[in-house]
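J.: below is the sequence, then the predicted model.
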Amino acid sequence: MTSVDVVVVGGGIGGLANALALSRKGLRVRVLERAREFGEVGAGLQIAPNCTRILDHWGLLDEIVSLGVLPEHIVMKDALDGSVLTRLDLHDVERRYGFPYVVIHRSDLHGTLLRACREAGVDLVTSVTVTGYEQAAGGAVAVHEGGREFGRVVIAADGLHSVARRLLSDDEPVSSAYVAYRGAVPFHEVSGLDVHPKDVVVYIGPRCHFVQYPLRQGEMFNQVAVFESPKALAGEAEWGTPDELDAAFEHTCAQVRAGLPLMWRDRWWRMFDRDPIMSWVTGRIALTGDAAHPPLQYLAQGAVMAIEDAWVLSEHAGGNGDWDAVLAAYDAVRPEHCRRVVTTARAWGNLWHHDGDQRLWRNDVLRGRDVHDYTYVDWLFGPTALTPEQEPPMFPGAGAIVS
Ligand code: FAD
C-alpha cells in the first residue's frame, strides 16, 4: 500500500468524520475497519447545533437535512401520567445557535460521511482488525494480522472496547445496568397512535424512559425504550431480556405502552460508559469518539462529540506540520469538554429515572423552568471550543475553565 499521513482505526461515525476532516486539510488518510463492509447498526440519532454547525462547515448540512427531519420541539413528559414537564422550541434553538437540531437515521449520517470520504480520496479499507500499536520514528504504527500501517499520526476511533485506549488507561467499560431497545418503523404503523409526528418526545419515569421521533422526512418513526435491568443488578449474565422490557414499562402511561409492541425484540443494547480520562494522546497515537469518551446517551452527544473531535483536530492540523503540537492542542481542550458531557449525562439520566417523592420534586422543578431558558444547554449547543480559553462555563457566573 502507498504511504499516508494519517491512519484512522475504525470506520464508524467518529473514524469517518476524522478521515474526512483531515483529508479536507490536504492530508492523505487511510481508514482501517474490521467489518467486511462499512455500515451502522441501529436507528435514529439526534444531532444538535454544535454538530450541524460543523457539518455545514464541511458542506454536508443540506444533504443531512434532506435525509433527516427538522423537529419542532423536544418535549419532556412524565412516563407515568403522560403530562408535559418541559420543552425546547427547536425553531428558537436554531435562531439562538445559528444551526438546526436534526434527527436522522444513523445509517444516513454514516452514509453521507462515507460518500464524502470517497469523494475526498480517503483510502477506505475493510476487513482489517487492528490488534496493537507502536510508536515509530516520525509517527506511529497500527499493527494487524496482515501487516503494519505507518502514519505520521494514528487516530484510534475503535469504539467502546478500544484496543488503543489500553495504551492510556487500564480502565474498563462501566455498566449502567440499563439496556436500550430500539425500533424504527414506517410511519403508517404509528399513525393511529397518540404520537407527536413532528417532535422529539422523551417520557421519563422510574428506572425507565421512552423516546420517540420521526425519521426520513417523516416517513419513518423511531422509538427507543430504555430501562434498568433487575437481572443486571442481580449479577446475572443474561440481562436486558424482552420479559424485562415488558415488566419495566407495565406501569407507564397509555402512550408509552402503545408504542412498545413496535420495538425490535430480537436485539438490545446494554448501556455502558467509561470514567473520563484526561489525556487521549500518547506519542503519535490519539483516541477519538467512543474510544476516548463513551457516554451514556442521555444528552444525545456521543456521535456529536466524535464529530467535534474531528473538527478540532483538523483545525489544529490545517497547515501545521508539527504533529506533536497539533496533538497537544487537541488534548488540551477536548478531554475536559467531554468529561463534562460524560459526567453530566450520568447525572441527567439519574434525574430522569427518579421514583416516589424525588420524581414529584423533579417534575415540579422541570415544570417551573422558563421554556426560553437556555442556561443548561448553551455550553453544549454553542460553538465548539478550539482552546481551553474558549470553553464556555457550564453554569452562569462560573467562569471559563482554563487548565
Ligand atoms: P463506533 O460506532 O463504536 O465505531 C467503532 C468502529 O471501529 C466500528 O466500525 C468497529 O467495527 C471498528 N473497530 C472496532 N475495533 C476495531 C479494530 N480493532 N480494528 C479495526 N476496526 C475496529 N449519539 C448522538 O450524538 N446522538 C444521539 O441521539 C445518540 N443516541 C444514542 C442512542 C443509543 C441507544 C446509543 C447506544 C448511543 C447513542 N449515541 C448518540 C451515541 C453514538 O451512537 C456513539 O457515541 C457513536 O456512534 C460513537 O461512534 P464511534 O465511531 O466513536 O464508535
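T.: Perfect, I can see it now.
J.: what parts of the stretch 301-403 of the chain come near the ligand?
T.: Taking Cβ under 6 Å from any ligand atom as the contact definition, the stretch 301-403 of the chain meets the ligand at 301-304, 306. The C-beta positions use only the backbone N, C-alpha and C, and glycine is treated the same way.
J.: C-alpha coordinates for stretch 16-33, CSV please?
T.: C-alpha atoms of stretch 16-33 as CSV (Å, rounded to 0.1, in the frame of the first residue of the first chain):
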residue,chain,number,x,y,z
LEU,A,16,-15.1,8.7,9.1
ALA,A,17,-15.5,12.2,10.5
ASN,A,18,-11.8,12.3,11.4
ALA,A,19,-10.8,10.9,8.0
LEU,A,20,-13.0,13.5,6.2
ALA,A,21,-11.9,16.4,8.2
LEU,A,22,-8.2,15.6,7.9
SER,A,23,-8.4,14.9,4.1
ARG,A,24,-10.1,18.2,3.7
LYS,A,25,-6.9,19.7,5.0
GLY,A,26,-4.9,18.1,2.2
LEU,A,27,-3.7,15.1,4.2
ARG,A,28,-3.5,11.6,2.8
VAL,A,29,-5.7,9.4,5.1
ARG,A,30,-6.4,5.7,5.3
VAL,A,31,-9.2,4.1,7.3
LEU,A,32,-8.8,0.5,8.6
GLU,A,33,-12.2,-1.0,9.5
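J.: list the buried residues in that stretch.
T.: The neighbour-count check on stretch 16-33 (16 or more other Cβ atoms under 10 Å) flags 16-25, 27-33 as buried.
J.: ok, stretch 371-383 next?
T.: In stretch 371-383, counting by 16+ other Cβ under 10 Å, buried: 374, 377-382.
J.: so what's whatever residue of the stretch 51-200 of the chain ends up closest to the ligand scoring on pLDDT?
T.: The minimum distance from the stretch 51-200 of the chain to the ligand, using Cβ to the nearest ligand atom, falls at G159 (2.7 Å). pLDDT recorded at G159 is 98.
J.: so it touches G11, yeah?
T.: No - judged on Cβ atoms under 8 Å, G159 makes no contact with G11 at a distance of 10.5 Å.
J.: when the two are compared, which one has more neighbours?
T.: Taking other Cβ atoms under 10 Å, G159 and G11 do not tie; G11 has more neighbours (29 against 19).
J.: would you list every one of the helices in the protein?
T.: Secondary structure of the chain (DSSP state H): helices located at 13-23, 49-57, 61-67, 90-97, 106-119, 230-233, 242-248, 254-259, 302-317, 323-352, 356-368, 378-381.
J.: just checking, what packs against the third one?
T.: Judged by 3 or more Cβ pairs under 8 Å, 6 or more residues apart in numbering; DSSP states H and E, the packing partners of helix 61-67 are helix 49-57, strand 102-105, helix 106-119.
J.: same question for the fifth one.
T.: Using 3+ Cβ pairs under 8 Å, 6+ apart as the contact criterion, the elements in contact with helix 106-119 are helix 13-23, strand 44-47, helix 61-67, strand 123-125.
J.: among these, which comes closest to D290?
T.: helix 13-23 (6.6 Å; Cβ to Cβ).
J.: which residues touch that closest one?
T.: Taking contacts as Cβ atoms under 8 Å, 6 or more residues apart in numbering, the residues outside helix 13-23 that touch it are 5-6, 8-9, 11, 29, 31, 33, 38, 40, 58, 106, 109-110, 113-114, 116-117, 120-122, 124, 155, 157-159, 288-291, 303, 306-307, 309-311, 313-314, 317.
J.: nice, that's everything, thank you.
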